[in-house]
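Novice: sequence and predicted model, in that order:
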Amino acid sequence: MKTLLSLLLMILLVCQQALAQQNIETRLGYSYNDKFEFSDEWQYLSTDIYLFNGGKFNRVLNELGKGASKKDKKRYAYELEYLFITAQLKNLKLFGNDEIVYPLYNFYINKDKADYHTQVSDHLEVVRIIDKMPLTSAQNSIDAAINAKAVTNEDGDQVFNLVANQLMSLSRLSNPSLAVMSLVGEFGNLLSSRTNKKEYKFSSTIRLYEGQDFDTRLHSVKVYVFVPGEIRTVAIKPVRLADYLTKNPNKLDRKQLEDAIGYKDYPYIVVANYKSLYKVDVLTGDEVTLDLIEKRKQKIQAAYDSKLMNDETYRQEKLYVEFLRIFAEMKQNLNAYRLNYRNNSPEINAKNLFGIIQEYKRLKTAYDAREQEFEKNTTYKNIFKTEYEAILANADLYLDADHNLKNGKVLVSTLRELENNPKAWDTPVKREAALAKLSAVELPRAEYLSASVEGEAIVRLTKKLEDMQYREVFEKEVKKLADVQASDETLPVRNALQDKANSSNCLSCRDKVKDAVNEYNKRYESFRLREEVHQTGKLKSAAEQLVLQHLRWQLCFDTNLQATAVASTDSAMDPYYTKLSERSSSFAAGIKALDQLAKHEPEIANLSNVQEYNKRLKGLMLEVEQNYTTLCQTDKKLCDCP
């Protein structure tokens, strides 16, 4: 392109003709600025040009050539040949911030006898010279400076110089865009129309965002009137025009605008500037993938490199892309969790679930950081904030899919509250509630968690809450249990503490209480052993007495049974006496077993052995007593002993 521009410049310099500029003055007849507060995100400029009273150029040209008064002498020695109207724009990053002159109109001038005529219609269509051109963020005012030149057929190199200078400015651009090329084409069209003495009107509107739906509203309006130099002031009534502009901030109608201005004396141009609000590409949660994010990143970079995006919007877009990347990684973990939940081991499921929790917390943390950093940033508040909130809403919906994910979302909310609000855990009840939420999800081991910022926060805050809970709720009672003497009377103290720990969500508290209870149980076992050993002595003594007593009864039973059986003459009673003999033998065997057990010594060091020994002693003593009672109740003669 630079070669093409250089060639054009050479042709222009060789072919310059002597053309002269005459003194058509451009008077600012009216200026309007909309009261709407345009913040930095309104970063695109569109400019419309309306030309009115075109037929009045004849008056301007004739007054210019002859003077407004008939007494004035003819001012110029050469004939007027062209009417050339331009607009100058400043501070456009697209053109390297050089001052760019747009050729708007070039009309051929005829002369009929002593009068000049130019064929300018009163109903020319609106010319949009730029459409959504990016502005610098520091640009508070925008305008197009309008100039009109009456060019003679001699000594007038101004037009060629203007075109040459503009092409030189454009040739300095290192990366010319399609917009630049279209402007080069316009200069070519201008020169071609001059050569053929045809009317020229700017047509290559630079449209950078064709087809996109931007929010656009009127920023400012200026009315420029073309008059001969001696006309110093123009009278445009502002009230009706201001009312019309205020009521139509989005679009102006040519006929209504002309009626509102109501000026008929000289030709004039209306420059209407619009600002457009930057719009972010809206995404739904399902659309967000790492591949899409990478494409968006490249698109943003390309737009910024082409100066289609200002610095602040570029920064906000990059931060938003980072946010989307976190969301995409959360979705990847979510997909792994869904696909493998039924097939994976509990440990793998726990890691997948923690990955979701980790990225969800990062989303929340990133959003908080944006809210704090850009509290007064209008680009963030007016454009990006709603997009952040939409992605967060999608994340919340995903985590409502099952109870594990819901508990994970609650865990993150609890963790964030604990990190930011000390009052969230300043009482035992609040700590119990927080610990319940932190432990509602099966997470990987502490070693795994501590390798990440989010996991380390869970481990750290859980330990802090549990340490406080133990000190305030359990420590005194644990010490009391350690100091109390183990006995049946103090068992309620142990049981109450154990129940209290079992109902707590403080896992380390449970472990410490369990250790204290185990120590108490050891002491209680020693106490019970002493009690059982003492009981053993009593039982052995009672058993020995019972053996002696019932040995005498056994001897009496046997004697009486034998005597009764011998004296009986009824053979039908033999089975009866046989049965009684069996009962008596069982009674004797029980006495013998009791005697042998009473002589045995249990293993004193083992509580269960002593308890079992005492149980057997009691059982045999009861058995002997029951056998004795049964025999006596069956036949009272057997118990008739001296």
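Specialist: Great, that's in hand.
Novice: quick check: mean pLDDT of the helix with the most length in the chain?
Specialist: In the chain, with assignment by DSSP state H, the single longest helix is helix 507-567. In this model, helix 507-567 has an average pLDDT of 82.
Novice: ditto for stretch 398-406
Specialist: pLDDT averaged over stretch 398-406 gives 91.
Novice: using PDB, write down the CA coordinates of that stretch.
Specialist: Output in PDB follows, covering the C-alpha atoms of stretch 398-406 (Å, rounded to 0.1, in the frame of the first residue of the first chain):
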ATOM      1  CA  TYR A 398     -24.900 -26.400  37.700                       C
ATOM      2  CA  LEU A 399     -24.200 -26.900  41.400                       C
ATOM      3  CA  ASP A 400     -27.900 -27.500  42.100                       C
ATOM      4  CA  ALA A 401     -27.800 -30.800  40.200                       C
ATOM      5  CA  ASP A 402     -27.300 -33.100  43.200                       C
ATOM      6  CA  HIS A 403     -26.900 -33.000  46.900                       C
ATOM      7  CA  ASN A 404     -23.100 -33.400  46.800                       C
ATOM      8  CA  LEU A 405     -22.800 -30.400  44.500                       C
ATOM      9  CA  LYS A 406     -25.200 -28.400  46.600                       C
END
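Novice: can we start the residue count at 211 from this point?
Specialist: I'll keep to 211 as the first residue from here, and by that count the last item is stretch 608-616.
Novice: pull the residues that contact that stretch.
Specialist: Residues outside stretch 608-616 that contact it (C-beta atoms under 8 Å, 6 or more residues apart in numbering) are 495, 540-541, 544, 547-548, 563, 566, 570, 618-619, 651-652. C-betas here are computed from N, CA, C, even on glycine.
Novice: helix 717-777 and whichever strand or helix holds residue 644, what's the angle between them?
Specialist: Residue 644 belongs to helix 638-648 when assigned by DSSP states H and E. Taking axes from the mean of the first three to the mean of the last three C-alpha atoms, to 10 degrees, one finds helix 638-648 and helix 717-777 inclined to each other by 90 degrees.
Novice: what comes up buried for helix 638-648?
Specialist: Under the neighbour-count criterion of 16 or more other C-beta atoms under 10 Å, helix 638-648 has 641-642, 644-645, 647-648 buried.
Novice: and the next helix or strand past it?
Specialist: Once the chain leaves helix 638-648, the next helix or strand it forms, by DSSP H and E, is helix 656-659.
Novice: packing partners of that following helix?
Specialist: If contacts are counted by 3 or more C-beta pairs under 8 Å, 6 or more residues apart in numbering; DSSP states H and E, helix 656-659 sits against helix 556-583, helix 663-679.
Novice: could you give the average pLDDT over the strand or helix carrying residue 799?
Specialist: Per DSSP H and E, residue 799 falls inside helix 784-809. Throughout helix 784-809, pLDDT has a mean value of 76.
Novice: in whatever helix or strand comes next after that helix, which residues are buried?
Specialist: Next helix or strand after helix 784-809 toward the C-terminus (DSSP H and E): helix 817-844. For helix 817-844, the buried set under the neighbour-count rule, 16+ other C-beta under 10 Å, comprises 817, 820-821, 823-824, 826-827, 830-831, 833-834, 837-838, 841.
Novice: now helix 817-844 against helix 784-809, angle please.
Specialist: Orientation note: helix 817-844 sits at an angle of 150 degrees relative to helix 784-809 (the same axes, to 10 degrees).
Novice: run the chain-centre distance for helix 817-844.
Specialist: 77 Å (C-alpha atoms, centre = their mean, to the nearest Å).
Novice: closest one of the buried residues of helix 817-844 to residue 796?
Specialist: Nearest to residue 796 among the buried residues of helix 817-844 is residue 837, at 5.9 Å by C-beta to C-beta.
Novice: before we move on, back to that, who are the packing partners of the helix holding residue 799?
Specialist: helix 717-777, helix 817-844.
Novice: just to revisit the earlier point, would you list the helices and strands packed on helix 656-659 in TSV and tack on mean neighbour count and distance to residue 514?
Specialist: Shown next, in TSV, are the helices and strands packed on helix 656-659 (neighbours: other C-beta atoms under 10 Å; distance: least, C-beta to C-beta, whole Å):
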stretch	mean neighbour count	distance to residue 514
helix 556-583	19	20
helix 663-679	18	31
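Novice: so which of the ones you listed is nearest residue 711?
Specialist: helix 663-679 (10.7 Å).
Novice: on that earlier part again, any chance of the helices and strands packed on helix 784-809 in CSV, with distance to residue 533 too?
Specialist: What follows is the helices and strands packed on helix 784-809, written out as CSV (distance: least, C-beta to C-beta, whole Å):
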stretch, distance to residue 533
helix 717-777, 35
helix 817-844, 65
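Novice: now the helices for the stretch 361-510 of the chain?
Specialist: 368-381, 388-405, 448-457, 464-471, 500-515 (DSSP state H, counting those that start in this stretch).
Novice: just the buried residues of the contacts of stretch 608-616.
Specialist: If we count by 16+ other C-beta under 10 Å, these have these buried: 495, 540-541, 544, 547, 563, 566, 570, 618-619, 651.
Novice: taking those, tell me the two that lie furthest apart.
Specialist: Pairwise over those, using C-beta to C-beta, the maximum falls at 495 and 651, 22.1 Å.
Novice: who are the contact partners of the closest residue to residue 573 other than its chain neighbours?
Specialist: In space, residue 573 comes closest to residue 536 once its chain neighbours are excluded; the distance is 5.3 Å by C-beta to C-beta, 6 or more residues apart in numbering. Residues in contact with residue 536 (C-beta under 8 Å, 6+ apart) are 569, 572-573, 576.
Novice: now residue 449
Specialist: Residue 449 neighbours (C-beta under 8 Å, 6+ apart): none.
Novice: likewise the one 4 residues further on?
Specialist: Residue 453 sits next to residue 470 when contact means C-beta under 8 Å, 6+ apart.
Novice: ok, it to residue 443 distance?
Specialist: 23 Å (C-beta to C-beta, to the nearest Å).
Novice: ditto for residue 521
Specialist: From residue 521 to residue 443 the distance is 42 Å (C-beta to C-beta).
Novice: so for the two, which residue has more residues nearby?
Specialist: residue 521 (13 against 8; other C-beta atoms under 10 Å).
Novice: any idea how far the more buried one is from residue 595?
Specialist: Distance from residue 521 to residue 595, by C-beta to C-beta: 19 Å.
Novice: next: residue 790.
Specialist: Taking C-beta to C-beta, one finds residue 790 at 103 Å from residue 595.
Novice: so which elements touch the host helix or strand of residue 236?
Specialist: Secondary structure assignment for residue 236, by DSSP H and E: strand 234-243. Counting contacts by 3+ C-beta pairs under 8 Å, 6+ apart, strand 234-243 packs against strand 354-362, strand 425-438, helix 448-457.
Novice: C-terminal to that strand, what's the next element?
Specialist: Per DSSP H and E, the first helix or strand lying C-terminal to strand 234-243 is strand 254-262.
Novice: and whichever helix or strand comes after that following strand with strand 254-262, angle?
Specialist: Following the chain from strand 254-262 toward its C-terminal end, the next helix or strand by DSSP H and E is helix 267-276. If you take the same axes, to 10 degrees, helix 267-276 sits at 80 degrees to strand 254-262.
Novice: if you average the pLDDT over helix 267-276, what comes out?
Specialist: Mean per-residue pLDDT for helix 267-276: 78.
Novice: and if you look at stretch 514-523?
Specialist: Here the average pLDDT along stretch 514-523 is 80.
Novice: what residues sit buried inside that stretch?
Specialist: Those would be 514, 516-520, 522-523, for stretch 514-523 by 16+ other C-beta under 10 Å.
Novice: which one of those is nearest residue 695?
Specialist: The closest of these, once distances to residue 695 are taken by C-beta to C-beta, is residue 522, at 75.3 Å.
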